[in-house]
Structures are given as structure tokens and as C-alpha cells.
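Asks: no sequence on this one, just coordinates:
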């Protein structure tokens, strides 16, 4: 039997916590918001008697937290669901959560018959009760939007180690013609500022000193009384916080107040991920991005005038319907003018239900052309990034050590302006701040040597 349910109607009684402790494994795909949601799910389930595990093998519950931004992300998840069969016990429950679950709903149950639960981003409160029902052989789809759901009473189980992802806003009111987010996340709504500050204080008590504020258009945050500038100042002033970051903003929502808060609050890092998508005004109009090339450049200029040493990264789409050679050249020239430190670059992926799929078929850009343009874009952005990084050699910067690097010998750290720096240090230094001199670069990442003097480019922020 398949049942469609409302998440709030299925909140379990705390007295029904199952015993002995079943295990739960969550595999996460997509953006930082999905990482934060996985931490929420772990926290909710742990509070109801579940034991989180790091591998799917033999887990009592396997949840796949999904992304729907691009078609290949969904295809990958469907394939992965098949692979996960080999880790299942006879009574293992498999569920699909997140944006793909929200978009496809019960169709996921048809495509993967061993899946018992399909739960959208507003349905995680009901997970314990849904899992109880799944043990009785039922199947559930919980994909209703809940415009009041911010999971304020759920304590996340954080697994990033050195930073905390803090959702401050859910959903999106922009309607970019290529984007599925309004369909999968619903309309925009923001948390109350005191609730965010309280969570940040809890993070400090857990020993973390860096927070990343999350929202689909995070700088449009408003709780009815406070805007994003107020939020940056309030979070940045929490005792024990040394670094505040945020993602992803929209170019239209950078008021003078927000830029001033970034410039004046010492804990706010000198890095902005500013999605561009295209450097062509005509293309931006078809994308319904609501700004022109010139307005984007003015936004960049305002930021750089206020924040010395600001690093800028971006998102760029290649091959959007109707993209001409001239429009693509506009994108390349804007990259050269802004000189981004890095970019996430994507080939256009049509998403069912978005206006882009209803554009004239003759606007479709041939795959060979998209690939050629994409390769040129990557070469341009990577070349600029390499030039920027070579100019930084010899600088002294503060880094936060995040984890052991892939080679197993060095540690991976991050500077305030979001540069990846590999440093020789013992794993016991993970979570510590070091001052390093940038001594080498691959073009994308740096190597750094610990030093005792303070960084030249940015003073260490005051703490407390």
C-alpha cells in the first residue's frame, strides 16, 4: 500500500522511541542545504533512538538525500539506489529524501520498488513515524510544502567537523527560467533572527568557530523586522565565532546595508559566491535573472570598493536555449573583466516543469557546440584563477585546518578568502587556525608553510 501523508500529522510520541537502537545511514548529494538537511535528519532520528553509521553495509535504514538541479544528478541517484541493494538486509528500509523526492514524488516508488519512503525537504519531522509504518510494510510519500517549517526544535547532528551549516532561509521567490528550486523547495521564507543567533551560540558550545549561513537567495533574508545586514552583524557578534560565510546570494539583493555589514564586521569573511550565469544581457533576460551585464558589474564594483582583498566566485551556465556565439563571447569577456577566483560551470540541463523547456525547439544549442563552448569557458576561468593564485605566492594568511587531504600526508585548510591551502601538520591540528605563507600553487590550490607572524592581507578577527 502506498500512502501520501502530511508530515506534521505524523509526529511520533517521544515515548515510542524504538529499542534496541536501529542504525541509519544517510548518503547526501547536491548543495550545502542538502548537507544541512542530512544533519537535521540524523539529529531527528538520533533523538528517537537511531544510531548514525558511516557506511550503508547492514544499516537498518538507508536514506538517499537527493538533488534535482540537473538531470544527471537524478540519473546518478537512480543508479545508486540499485547499487544500494547489495548492502540491504531483508528488513532494511530504504528512503529517498530531498529535492528529487519532492519533484518526482510517488514516481520514485515506481522506478525503485525497494524504496519505501519518499520525503521532501519539509517532511523530515515525520521520519520516525514513517519508518515505523515502513516496518509494517507500508509505503509513504510526504511531499507537502510547510511554509512554517524551520525545524527549530531539532538539534542537528553535525558531521562537517570544523564548520556548521546554518539554514536561515528556505525556498525561492525568483523564477529563473532554468531553475527547479521553486518547485522543489517552495516559496521563500526566513527564520527569526533570534532563533538563528541561538543556533549559532549552540554551535560555539559544540566547539565550532565557523558558520555558513544558507539560503536559496540568502541575502534577501528578512524576518519581517530584520534584514540580511542585521543578521550578519548579529551572527558575527556571537562570542566564539571567528568566521561567518554565506551562500548563495542573488546580485539583486546586495543593498548598501549588506555590503557595509560585510565590510565592517570583522568575522565576516572576504569572499562572496556571486552567481552570474551569463555575461550577456539578452541571455540574462531569457533566463529571467532580473539584472543586466552592466548591473552585475556595478554590483561587483561596489563590493570591491568596500571590501579590500575580496575574492569572488560564481556560477555559469553554457548552452542555455538560444545562446548565440556573441552571447557566449559576452560571458567570456565578463569573466576576463571580473577575473573570478573560481567558478562552478555547467552545461544547461533542461528540468521538467521549468519555462526553459517550453522555449522553441530551434533554440536548442547542439551538443557539440555546447561542449566546445564549455571547454573554452573552463580554460578561460582556470587560466585566470591560475594567474590570480600565482600573484598570491609569498602572502601570509590565516587558515582553518579542515581535514586530511586526499594524499593522506598533508592537511587541507581554508583561508578567509576561500583559498584551499595544503599544509604539513599533524592531524591533531584539524579545527585549529594556523598562519601560513603561501609557497606554491597548482593553479587551483596552494601549498603553505606555517609561520609565526600574523597574515599580511587580513588581520586576525577579534574573538569574544
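Replies: Perfect, I can see it now. Keep in mind that what you see is a predicted model, and the values were worked out from it rather than measured.
Asks: helices and strands of this structure: which one bottoms out on pLDDT?
Replies: strand 2-4 (a mean of 48; mean pLDDT, DSSP states H and E).
Asks: helix or strand next in line after that strand, which one?
Replies: Using DSSP states H and E, the helix or strand that follows strand 2-4 in sequence is strand 23-28.
Asks: which other helices and strands contact that next one?
Replies: Counting contacts by 3 or more CB pairs under 8 Å, 6 or more residues apart in numbering; DSSP states H and E, strand 23-28 packs against helix 32-47, strand 51-52, strand 61-66. Every C-beta, even on glycine, is put in place using the N, C-alpha and C of the backbone.
Asks: looking at the ones you listed, spot the one closest to residue 182.
Replies: Comparing the helices and strands packed on strand 23-28 by their distance to residue 182 (CB to CB), the top pick is helix 32-47, with 13.9 Å.
Asks: any figure for the gap between the closest residue to residue 53 other than its chain neighbours and residue 172?
Replies: Nearest non-adjacent residue to residue 53, counting by CB to CB, 6 or more residues apart in numbering: residue 23, 4.6 Å away. Per CB to CB, to the nearest Å, residue 23 is found 35 Å from residue 172.
Asks: cool, residue 333 as well?
Replies: Counting by CB to CB, the gap from residue 333 to residue 172 is 29 Å.
Asks: those two: which is more packed in?
Replies: residue 172 (21 against 14; other CB atoms under 10 Å).
Asks: ok, now which ones touch the more buried one?
Replies: Taking CB atoms under 8 Å, 6 or more residues apart in numbering, we find residue 172 in contact with 179, 181-182, 185, 187-188, 216-217.
Asks: likewise for residue 430?
Replies: Neighbours of residue 430 in contact, by CB under 8 Å, 6+ apart: 161-162, 401-404, 411.
Asks: that's a helix at residue 401, yeah?
Replies: No. Read with DSSP: H, G, I helix; E, B strand; the rest coil, residue 401 is strand and lies in no helix.
Asks: any idea what it is bridged to?
Replies: residue 413 (DSSP bridges).
Asks: count of neighbours near it?
Replies: Quick note: residue 401 (other CB under 10 Å) scores 24 neighbours.
Asks: repeat that for residue 100.
Replies: So residue 100, with other CB under 10 Å, has 27 neighbours.
Asks: might one say that it is in contact with residue 77?
Replies: Yes. Checked against CB atoms under 8 Å, the pair residue 100 and residue 77 is within contact range at 5.9 Å.
Asks: now do the shared contacts for the two.
Replies: Shared contacts of residue 100 and residue 77, counting by CB under 8 Å, 6+ apart, come down to 66-67.
Asks: okay, helices next: where are they in the stretch 351-464 of the chain?
Replies: 367-390 (DSSP state H, counting those that start in this stretch).
Asks: low-confidence ranges in it?
Replies: 453-464 (pLDDT under 70).
Asks: nearest residue to residue 283 in space, please, no chain neighbours.
Replies: Using CB to CB, 6+ apart, the closest residue to residue 283 is residue 327 (4.7 Å).
Asks: tell me the phi and psi of the one you found?
Replies: Residue 327 has phi and psi values of phi -70, psi -40 when expressed as degrees, to the nearest 10.
Asks: pull the contacting residues for it.
Replies: Counting by CB under 8 Å, 6+ apart, residue 327 has contacts 278, 280, 282-283.
Asks: 10 Å instead?
Replies: 278-284, 286, 320 (CB atoms under 10 Å, 6 or more residues apart in numbering).
Asks: give me the pLDDT for it.
Replies: Looking at residue 327, its pLDDT is 98.
Asks: ok, the contacts of residue 430 vs residue 384, which is closest?
Replies: Looking across those and measuring by CB to CB, the closest to residue 384 is residue 402, at 24.9 Å.
Asks: isn't the closest one up against residue 418?
Replies: No. Between residue 402 and residue 418 there is no contact under CB atoms under 10 Å: 11.7 Å.
Asks: returning to that earlier point: distance check, the residue nearest to residue 53 against residue 348.
Replies: Residue 23 is 40 Å from residue 348, by CB to CB.
Asks: same question for residue 104.
Replies: Distance of residue 104 to residue 348, computed by CB to CB: 21 Å.
Asks: domains of this protein?
Replies: 2-142, 163-388, 396-450 (automatic domain parsing).
Asks: start to end distance for the longest one?
Replies: Between the opening and closing residues of domain 163-388 there is a gap of 26 Å (CA to CA, to the nearest Å).
Asks: likewise the last one?
Replies: Separation of the first and last residues of domain 396-450 by CA to CA is 9 Å.
Asks: for the closest residue to residue 320 other than its chain neighbours, what are its contacts?
Replies: Leaving aside its chain neighbours, residue 320 sits nearest to residue 348 (4.8 Å; criterion: CB to CB, 6+ apart). By CB under 10 Å, 6+ apart, the contact set of residue 348 is 70, 178, 287, 317-321, 323, 356, 364-365, 370, 374.
Asks: buried subset of those?
Replies: Neighbour-count burial (16 or more other CB atoms under 10 Å) is assigned, among these, to 70, 178, 287, 317-321, 323, 356, 365, 370, 374.
Asks: quick check, nearest of the residues you listed to residue 47?
Replies: residue 70 (33.5 Å).
Asks: that closest one is in contact with residue 351, isn't it?
Replies: Yes. The pair residue 70 / residue 351 is scored as a contact, 7.7 Å apart, by CB under 10 Å.
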